[in-house]
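My questions concern the predicted model and sequence given below.
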Amino acid sequence: MSAFAIAQGRSVARLAHRYGAAAALVVVCAFGTLRYETFLTPENLLNVARQNSMLGLVALGTTFVIVSGGIDLSVGSVVALGGIAAAALSRFGGPVALLAALAVGGVAGACNGWLIVRARIQPFITTLAMMIGLRGLTLAITDEVAIRADRTALVFRWIGRGFLGPIPAPVVILVMAYAAGALVLRRTRFGRHVHAIGDNEEAARLMGLDVNRVKLAVYTCNGVLAAFAGALLASRLGAGQPAAGTGWELDAIAAVVVGGTLLSGGHGGAGSTLVGVMLLGIVLNLFNLEGTVSSWWQLVLRGGFLLAVILVQRRTTGGRSPLPVPPG
Amino acid sequence: MIRAFRTPSAHGAAAALLVLLVANALFTPGFVSLATMGNVALQVSTTVIVALGMTLVIATGGIDLSVGAVMAVSSVIGATFLDRGAPVATALAMLAALAVGIGNGVLVAYQQVPPIIVTLAGLIMGRGVAQVLVEGNPLVAFSHPSFERLGKGSVGPVPVPVLVALVLLGIAVALMRHTTFGRWVLATGGNPRAAHLAGVPVSAVKLVTYAASGGLAGLAGLIETARLAAADAGKIGQAMELDAIVAVVVGGTALSGGRANLTGTVIGAVLMGVLTTSFNMHLLSPAWAQMVKAIILVAAVWTQRTKAA
């Protein structure tokens, strides 16, 4: 094969990798519009956006973790714990409930970070233990019963159920969070450090980056975002559910990877994760519109989707080594 | 070379088990009784069966989170096809479990997908498949005395599940100590590149360990199904991945791979069983036990790290 053909093949793969998810999103939306009259309506689309806004927040934090070369399996349990904390304290007012959720998430995330950077336990085992341990804690302190939220806590009620004009509040929050996340990941020193550590941790350390501090911050932020998503969910449901967020770690990882972020770290962005979240959300929406897919089948679909995407990613990035995707 | 193959110690697990047994004897009324011990032995036997496969997978440097879901799948398939006879049902259930294990192995060994992702997807999908097969029915009960003997019967004074676990333990120990395959497993986990260069079929070895883990989880699922005389897609094998991983790690097998301590795994599994039983006997929610086990996991890995450094 000539050098030109190789270069051409590579650039096709690179294009597929960078814009594959966006192209798939367009195709899926076109299919939905042609097949279902109800698909391309503001109600349906806003509903999909609102339903996926909590997962979107979790996936944003997971993007930072994966770009830094780590993984966080504990987010689903942190969602439940954050929701419980917010619902339990909502009788002291909305701000207290939200702060409590954020604090709980921050502590959980900081524990992850501390165990990873100080105790030097692999991220997957640390966050697996946190996933199982925090789920146990949540089930134990609630006796496996949902905790009702106080309906008079207005701020708390608004974040999950309110509207800003025609746009649901969770969608507003989601868009703002992604704008901030994209800015931080791309334009700030912290974002560069996250990329550098994910690309080559040893090199980042030798360059004088405070690797431990950056990683600690990344896991703490992810905990805070997951707990905030849990508070949003509790606000929308009117109660903190101890089983909330089960399996969300998988969905979050799927959304991040579908967007084109590499599991090996060092490459990826917030915008592509948002595309991944929406792609996953709209695919499930189409199955719902078809009306034949039980929630159990959805679990099978979600797992299969993730594996399929990872296998495709392996092909488009040429096996083990990630393609040198230019930043920006 | 000799050092790499030295059996890592399980003294910590043994000490913890001793402390837990003494504390239970003192503070748990009715703990020191034949009924309780028999109960623990039954419970531990399935954990041991699953943990044996997990030891092999972890020794190659991998992990298998799908074992609990595989137990549910084999349980549901076994119960569904029991009307065609126990041999057919057992064979189909075992085939399904092996298929999941082989699928895991192919993705990990030949596609280089991280084991944690593959088997996490397996965990979620397996539970989904089990629920789909029973169409959301919480419990599929049956009456089939000869199949139920797999879980309830006994040979002399020894319950069948305990006997099965002991036989499998014997096979696993022989495999790891006296066969080339055992040395391949440790070499693969110790340094896959070096092992590959030395002619070890690294990918095939990984595939076989994941298949074994799936098959053993399937067998454990059938045993629990036979014991309950019912399949429960939601409950069978729930959190088994936690018990098995903690048993392996507490037993002295390093998560980084390259080492395996099968006796330690058994001690770890007994520790998990006694822990579960003592929480049950004090009428505490199993959720608390789950939390304690997660803490033990972190503590055990931490100790391994400190020793290695």
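That came in fine, so what should we check first?

center of the chain - which residue?
All of this is about chain A. Centroid check for chain A by Cα atoms, centre = their mean gives A:A59 as the closest residue, at 0.8 Å.

wrong one, I was asking about chain B
So for chain B, Cα atoms, centre = their mean, it's B:V50, sitting 1.9 Å from the centre.

The helix or strand where A:V58 lies - contacts with which helices or strands?
Secondary structure from DSSP states H and E places A:V58 in helix A:53-67. If you count contacts as 3 or more Cβ pairs under 8 Å, 6 or more residues apart in numbering or on different chains; DSSP states H and E, helix A:53-67 packs onto helix A:75-89, helix A:169-187, helix A:189-199, helix A:211-237, helix A:248-258, helix A:270-290. Heads up, the C-betas are built off the backbone N, CA and C, glycines and all.

name the helices or strands packed onto the fifth one?
What that stands for is helix A:248-258. Helix A:248-258 makes packing contacts with helix A:53-67, helix A:75-89, helix A:270-290, helix A:295-316, helix B:115-133 when contacts are defined by 3+ Cβ pairs under 8 Å, 6+ apart.

Now the closest residue to chain A within the stretch 51-200 of chain B: closest residue in space, sequence neighbours ignored.
Proximity to chain A, evaluated over the stretch 51-200 of chain B using Cβ to the nearest Cβ, is greatest for B:G128 at 3.1 Å. In space, and not counting its chain neighbours, B:G128 is closest to A:L299: 3.1 Å by Cβ to Cβ, 6 or more residues apart in numbering or on different chains.

any idea how far A:L284 is from the one you found?
11 Å (Cβ to Cβ, to the nearest Å).

So those two - more neighbours on which side?
A:L299 (25 against 19; other Cβ atoms under 10 Å in any protein chain shown).

How much space separates that one from B:V108?
For A:L299, the distance to B:V108 - Cβ to Cβ - is 21 Å.

Let me know the pLDDT of B:V32.
pLDDT for B:V32: 83.

quick one, what contacts B:F31?
Shown in contact with B:F31 (Cβ atoms under 8 Å, 6 or more residues apart in numbering or on different chains): B:N24, B:A25, B:T277, B:S278, B:M281.

Emit the ChimeraX select command for whichever of those are buried.
Restricted to buried positions by 16 or more other Cβ atoms under 10 Å in any protein chain shown, the ChimeraX selection for the contacts of B:F31 reads:
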select /B:24,277,278,281
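
now, among the contacts of B:F31, which is nearest to B:V40?
B:T277 (5.3 Å; Cβ to Cβ).

So which of the contacts of B:F31 is the closest to A:A108?
Looking across these and measuring by Cβ to Cβ, the closest to A:A108 is B:S278, at 27.1 Å.

before we move on, which element is that closest one in?
Counting by DSSP H and E, B:S278 is part of helix B:262-281.

Does anything pack onto that helix? Which helices or strands?
For helix B:262-281, the packing partners by 3+ Cβ pairs under 8 Å, 6+ apart are helix B:11-27, helix B:34-59, helix B:160-178, helix B:240-250, helix B:286-308.

how about that helix: buried residues?
B:262, B:264-279, B:281.

Distance-wise, check the residue nearest to the centre of chain A relative to chain B.
For A:A59, the distance to chain B (Cβ to the nearest Cβ, to the nearest Å) stands at 15 Å.

so who does that residue touch?
Residues in contact with A:A59 (Cβ under 8 Å, 6+ apart) are A:D251, A:A252, A:A255, A:V256, A:T273, A:G276, A:V277.

Mind pulling up the pLDDT for the most far-flung residue of chain B relative to its centre?
When distances are taken from the C-alpha mean of chain B, B:L197 lies farthest, 31.3 Å away, according to Cα atoms, centre = their mean. Predicted confidence (pLDDT) for B:L197: 93.

what residues does chain B put near chain A?
B:63, B:65, B:107, B:111-114, B:116-118, B:120-122, B:124-125, B:127-129, B:131-132, B:136, B:239, B:242, B:245, B:255, B:285, B:287-291, B:293-295, B:297-298, B:301-302, B:305 (Cβ under 8 Å from any Cβ of the partner chain).

What's the PyMOL syntax to select whichever of these are buried?
Those of the residues of chain B next to chain A that count as buried under 16+ other Cβ under 10 Å are selected in PyMOL with:
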select buried, chain B and resi 63+65+107+113+114+116+117+118+120+121+122+124+125+127+128+129+131+132+239+242+245+255+285+287+288+289+290+291+293+294+297+298+301+305
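
Could you list the low-pLDDT ranges of chain B?
B:1-9, B:306-309 (pLDDT under 70).

Name the residues of the stretch 51-200 of chain A found near chain B, please.
Counting by Cβ under 8 Å from any Cβ, the residues of the stretch 51-200 of chain A near chain B are A:71, A:73, A:115, A:119-122, A:124-126, A:128-130, A:132-133, A:135-140, A:143-144.

Just the ones in helices from those residues, please.
Judged by DSSP state H, helices contain the following of these: A:115, A:124-126, A:128-130, A:132-133, A:135-140.

B:A217 reaches B:G53, doesn't it?
Yes: the criterion here is Cβ atoms under 8 Å, and B:A217 meets it with B:G53 at 6.5 Å.

who's more crowded, the two?
Using other Cβ under 10 Å as the criterion, B:A217 and B:G53 rank with B:A217 on top: 34 against 29.

does that one count as helix, strand or coil?
helix (DSSP: H, G, I helix; E, B strand; the rest coil).

With B:A99 instead?
B:A99 ends up helix, using three-state DSSP.

Give me the nearest residue to it, chain neighbours excluded.
Leaving aside its sequence neighbours, B:A99 sits nearest to B:G214 (Cβ to Cβ, 6+ apart; 7.6 Å).

So which bits of the helix or strand where A:N47 lies are buried?
Per DSSP H and E, A:N47 falls inside helix A:42-51. Residues A:N44, A:L45, A:V48, A:A49, A:R50, A:Q51 are the ones in helix A:42-51 that count as buried (16+ other Cβ under 10 Å).

do stretch B:174-193 as well
Applying 16+ other Cβ under 10 Å to stretch B:174-193 flags B:L175, B:M176, B:G182, B:W184, B:V185, B:L186, B:A187, B:T188, B:G189, B:G190, B:N191, B:P192 as buried.

Run through the residues that contact the last one.
In other words, B:P192. Here B:P192 is in contact with B:G61, B:V202 (criterion: Cβ under 8 Å, 6+ apart).
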